[in-house]
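# got a predicted model here, sequence first, then my questions.
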Amino acid sequence: MTPFLDSNVVLYALGDDERKRTIACALLARQPTISTQVINECSHVLRRKQQFAPADVARLMEDVAQVARVVDVGMPQIRHAWEIAARYRYGHYDSLIVATAISAGCSILYTEDMQHGQSIDQRMTLIDPFQEAKA
């Protein structure tokens, strides 16, 4: 089963932090699963916060989509995200990442934004790949 990558991990693969980029690129090389939400969030950050040109964003996101399995976010995932938000107290967008990863059949979600080691519904574990590298 492929792992699911959160937006922050994908962004580190494109960033300047050498240690985090190395880890994130290794995860991308495993042909992970990401969602259309991840593509959209990364596109937004690259455009708004990092001032990339639209054509550069499109090229980078197409490159990521070529090495990852991209799954769509729909109403079933949104409904599940509402349940996850209520149960685990994550924000909506983090809950949507979790719900989509579960829906895609992933048992590991690599993310820097949520609680490292937490099990979600005994179906998926949240792993901070950068925290593990420190140990």
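Sure, I can see it. A quick note: this is a predicted structure, and the numbers were derived from the prediction, not measured.
# C-alpha from now on. contacts and neighbour counts both.
Will do.
# this structure: strands as residue ranges?
4-5, 33-35, 69-71, 108-110, 119-120, 124-127 (DSSP state E).
# and the ones you listed: which comes nearest residue 81?
Comparison of the strands of the chain against residue 81 by Cα to Cα identifies strand 119-120 as nearest, at 11.8 Å.
# chain center to that closest one: distance?
16 Å (Cα atoms, centre = their mean, to the nearest Å).
# coming back round to it: can you say which of the strands of the chain is packed in most?
Per residue and on average, the most neighbours among these fall to strand 4-5, with a mean of 28 (mean count of other Cα atoms under 10 Å).
# what's that one packed up against?
strand 33-35, strand 108-110 (3 or more Cα pairs under 8 Å, 6 or more residues apart in numbering; DSSP states H and E).
# what strands line up against the last one, and which way round?
Spelled out, it's strand 108-110. strand 4-5 (parallel), strand 124-127 (parallel) (DSSP bridges).
# make CSV out of the ones you listed and add distance to residue 62.
Output for the strands paired with strand 108-110, formatted as CSV (distance: least, Cα to Cα, whole Å):
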stretch, distance to residue 62
strand 4-5, 16
strand 124-127, 25
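# turn those strands into TSV, columns for distance to residue 56 and mean pLDDT.
What follows is the strands paired with strand 108-110, written out as TSV (distance: least, Cα to Cα, whole Å; pLDDT from 0 to 100):
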stretch	distance to residue 56	mean pLDDT
strand 4-5	21	98
strand 124-127	30	95
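# for residue 101, which of these is the nearest?
Closest among the strands paired with strand 108-110, using Cα to Cα: strand 4-5, at 5.9 Å.
# residues making contact with that closest one?
The contact list for strand 4-5, computed with Cα atoms under 8 Å, 6 or more residues apart in numbering, reads 32-34, 101, 106, 108-111.
# go again using 6 Å as the cut-off
32-34, 101, 109-110 (Cα atoms under 6 Å, 6 or more residues apart in numbering).
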